[in-house]
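1. Below is the sequence, then the predicted model.
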Amino acid sequence: MQELIVILVDGLVFSSYLFMVAVGLTVIFGVMKILNVTHGSFYAFGAYMSATLIGAYYETDWPEFGGFLAIFAAALIIGVFFGIVLERGLLRFLYHRDEHIIVLATFAMFLVLEDVLMMIWGTDPYYAYEPMALLGIVDIAELTFDVYSLTLIGLAAIVGLGLWLGLTKTKWGKLLLAVIFDREISQAMGINVTVVFTVTFVIGAIMGALGGAYIAPTISVSPGIGVEVIVLAFAVVVIGGMGSIPGAMIGAVLVGVSRAAAVHKFPEIELFVIYAIMALVLAIRPEGLFAPAQARKI
Amino acid sequence: MNIYKRSGRATLLATGLAAAVSLTAGIANAADEVIMAVPTFLTGAGAPAFGVPARNGAEVIIEAINKGTLPAPYDKSGKGLAGRQIKALIYDESGGGAKQVTEFRNKVQRQNVDLFVGYISSGTCAAITPVAEELKMLTIFPICGTPRIFEEINKNPKYVFRTMGHATADGVAEAHYVKANMPGVKGYTGINQNYAWGQDSWRDFDLAMKQLMPGVPASDKAQWPKIFSGQYGTEISALMLSKEPLVHNSMWGGDLEAFIFQGAARGLFRKKKLLFSVADTSVYRLGKKVPTGVILGARGPYGIFAANVDTPLNNWFRKVYIDRYSVPPVGGSYQAAQGVLAAKYAYDKAAGMNGGKFPSKDQVIAALEGATYQGLAAKVHMNRSNGHQAATIHQIGILEWDKEAGEPIMTKVTTFPADCVMPPPGVNGTEWLKGGMKGAKC
């Protein structure tokens, strides 16, 4: 029983991590139909900015819990800056091109940004452990967990719920859904698709940066952290269905809990589990579990 | 047809050709220098832990060799390699084996490199070994750890050397240390990155433990996280739930540091005894956050283990390194420097045997084969794999925090002779371990 509870807790924490790194990717694909490889850069820049701001914050005498604001500030700064710069400076010139060209362009930007990151922060790792230390520990099923990692579950739930409510219950969300459904008709009906694209890309970039910024206190922020994330994010998005937020959530939970069970029961197949689920889903439902229905144009 | 346009193109072509020729001439090996390629991780996850410290260590030694300012025992050997200045081409090892093989060929065939001293990843070394032999290029691996280089990939090397012990030595030394210091240990498990290095490390430690402590069971649930995954919460839970009190860990770099942060927050280091194979790469960076009381290795007598080696060469190296980079040298710094010193030793010795004239490549190789030369932390014996594989002493100890000095220190250090932890010449490491480590001189 203890092991089952621990598997569930570990699985949910890892699922939340997966959802946080995948949701921005799926939002951007859902609206813009862009497979954005620079998502890994948003994550890495978010983590570096978060570590920098947290470090600077705890140099001051300000209240300890204020350090958490640094995490969200980092995500906003990186997301808004790179979102606008990349969408307006690069992607808008490529919308009329083939999707493969756009993927290659975002991949090229990912490589460029990896070097930019090292030009700014160098190769030495950065640490920002204070927020994690601040929240302390808690015992669940007689096993110690750090509270900070558990808060990731709450953050993922808030982000998922917020995005879902924003899309389905607000005017702006309905405009987005219209663009997702049919870009050309939406434009013909007077929706400013250009603005929708920019805002969507910025939101996706903020989500990617928030993933990195929130994870930063639990890791050594060092070169290369964006590479692994993009692979995992793609796996989750493909399982859930490209462009589906509920799909990303279900995909993340499926992968996270299965992986946790594998780690506890059969650790040799931990890696295999993630990609086995992806292969199985693709074999049965090639468009993913929750891909939005595609209208057929005649 | 626009004749002016054609003329313009011809001029452009001629100019380009001339520039290319002059560039090639610039790259071509000048008579008074030795071009040494130094591949190391300058980007990516391998850079902070190994790549950059290795580059720094190599730079310090190369600069001193060129100026002729190396302390004893190299203080009377003159400037450069056999009198010629080293022109170092330091470049990035990132990108994987295929890319590095292409780069290796490029450096050999277009840039007239004389020798390579570098490569950190075992995967890269494995890919480069056959190409180095094919191109007859003197190549010194100072760091990569897989025993497979000379046990499987090339059993009869001529151009490839490795100037430190391989991973088998780590596992054997660790098992000896556990036997001596934890005789009543009830079992062991592990968490190692799921790639060649992690798998080799666990296999060798496990095999050595089975020989030295046959009654102590190994867990069948050792953990294999993906390399660079960064998230170890689930693995830490599994380790804390396991009944084995000892945990073997060969992680390095950002993965190791993330594991330490996440494990420390959950009390893992109070509940289990951790044995870290290569954590010396991180101890100075982590400062007070290092988990004290853990068993620690540095793949030999390097890094933090060499902090108190009181020789003119080591004292000079540490001072110059710390003055320049503001951090003490770690294992990678020592190992890369040791590789460059092998070149210094071999070129100078070969020149001496050549009547003082600059030696040929074959003469340099002959000088290094089977040689014993002075490294920064210990003597290096090139006495395995036909004189191409080094063996050195090995050290394991307990990591503690020195409050007065404000830095990490090693305590309860045990030094193992090379012939205790390395398989004898001509013997495969895995077979040696399975056969009970016959011929070991401990």
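-> Structure's in. What do you need?
2. Tell me the spacing between the residue nearest to residue B:137 when sequence neighbours are not counted and residue B:321.
-> Spatially, and ignoring its direct neighbours in sequence, residue B:137 is nearest to residue B:108 (5.3 Å; Cβ to Cβ, 6 or more residues apart in numbering or on different chains). (Glycine included, C-beta is placed from N, CA and C.) Residue B:108 sits 30 Å away from residue B:321, going by Cβ to Cβ, to the nearest Å.
3. quick one, which of these two is more surrounded?
-> It is residue B:321, of residue B:108 and residue B:321, that has more neighbours when counted by other Cβ atoms under 10 Å in any protein chain shown, with 24 against 20.
4. Alpha carbons of the helix or strand containing the more buried one, in PDB - could you do that?
-> Taking DSSP states H and E as the criterion, residue B:321 maps to helix B:312-325. Provided in PDB are the C-alpha atoms of helix B:312-325 (Å, rounded to 0.1, in the frame of the first residue of the first chain):
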ATOM      1  CA  PRO B 312      56.900  21.400  -6.800                       C
ATOM      2  CA  LEU B 313      54.900  20.400  -9.900                       C
ATOM      3  CA  ASN B 314      51.500  20.000  -8.100                       C
ATOM      4  CA  ASN B 315      52.000  23.100  -6.000                       C
ATOM      5  CA  TRP B 316      52.800  25.200  -9.000                       C
ATOM      6  CA  PHE B 317      49.800  23.800 -11.000                       C
ATOM      7  CA  ARG B 318      47.300  24.500  -8.200                       C
ATOM      8  CA  LYS B 319      48.600  28.000  -7.600                       C
ATOM      9  CA  VAL B 320      48.500  29.000 -11.300                       C
ATOM     10  CA  TYR B 321      45.200  27.300 -11.800                       C
ATOM     11  CA  ILE B 322      43.500  28.900  -8.800                       C
ATOM     12  CA  ASP B 323      45.000  32.300  -9.500                       C
ATOM     13  CA  ARG B 324      43.700  32.200 -13.100                       C
ATOM     14  CA  TYR B 325      40.300  30.600 -12.700                       C
END
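5. What is it packed up against?
-> helix B:52-67 (3 or more Cβ pairs under 8 Å, 6 or more residues apart in numbering or on different chains; DSSP states H and E).
6. The residue nearest to residue B:137 against residue B:135, yeah?
-> Yes. Between residue B:108 and residue B:135 there is a contact at 5.1 Å, judged by Cβ atoms under 8 Å.
7. thinking again about what came up before, between the helix holding residue B:321 and helix B:52-67, how big is the angle?
-> 120 degrees (axes from the mean of the first three to the mean of the last three Cα atoms, to 10 degrees).
8. Mind listing what's buried along helix B:312-325?
-> If you call a residue buried by 16 or more other Cβ atoms under 10 Å in any protein chain shown, then helix B:312-325 has these buried ones: B:313, B:314, B:316, B:317, B:318, B:320, B:321, B:325.
9. and the closest residue to residue B:50 other than its chain neighbours, how many residues sit next to it?
-> Of all residues not flanking residue B:50 in the chain, residue B:332 sits nearest, at 4.2 Å (Cβ to Cβ, 6+ apart). By the criterion of other Cβ under 10 Å, residue B:332 has 32 neighbours.
10. ok, now the one 10 residues further on?
-> Using other Cβ under 10 Å as the criterion, residue B:342 is surrounded by 24 other residues.
11. How is it assigned, secondary-structure-wise?
-> For residue B:342, the secondary structure call by DSSP: H, G, I helix; E, B strand; the rest coil comes out as helix.
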